[in-house]
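Q: quick one, fold the following:
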Amino acid sequence: MAQDVRSSAKIELEITKRSEQRFVVIPRRWVVERSIAWMNRYRRLSKDYEYRTTTSESMVYMTGIRLMLRRMSAL
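A: All right, here's what the predicted structure looks like:
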């Protein structure tokens with residue numbers, strides 16, 4: 001799967017291993033977790049209503065666009 005992402009999206013993918021310790025801060029992980037938390041505030045994404053994955057993917061894109069537009073309009 002990692003090879004597919006690298007070839008199709010042409011991005012650098014770094015997979016980190018879990019630590020043996022109880023809690024270790026992983027760099028930049030908070031960015032992903034924060035974005036997912038913002039998107040989970042929208043009811044359509046918090047429940048699994050869609051039958052097709054393409055519809056779910058479209059909803060994720062629309063939510064991301066809405067979040068970006070709200071931040072741009074606040075400037």
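Q: just the helices in this protein please.
A: 2-9, 29-39, 43-46, 53-73 (DSSP state H).
Q: go through these and find the least confident stretch.
A: Across these, helix 2-9 has the smallest mean pLDDT, namely a mean of 70.
Q: run a quick neighbour tally on Val24.
A: 9 (other Cβ atoms under 10 Å). Using the backbone N, CA and C atoms, a C-beta is placed for each residue, glycine as well.
Q: my error: substitute Gln21 in the last question.
A: So Gln21, with other Cβ under 10 Å, has 6 neighbours.
Q: got the helices of the chain as a markdown table, with mean neighbour count and distance to Phe23 columns?
A: Formatted as a markdown table, the helices of the chain follow (neighbours: other Cβ atoms under 10 Å; distance: least, Cβ to Cβ, whole Å):
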| stretch | mean neighbour count | distance to Phe23 |
| --- | --- | --- |
| helix 2-9 | 9 | 26 |
| helix 29-39 | 11 | 12 |
| helix 43-46 | 12 | 27 |
| helix 53-73 | 11 | 29 |
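Q: would you mind giving the ones you listed as TSV with distance to Lys17 added?
A: Below are those laid out as TSV (distance: least, Cβ to Cβ, whole Å):
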stretch	distance to Lys17
helix 2-9	13
helix 29-39	13
helix 43-46	29
helix 53-73	27
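Q: quick one: closest of those helices to Arg22.
A: Among these, the nearest to Arg22 by Cβ to Cβ is helix 29-39 (15.9 Å).
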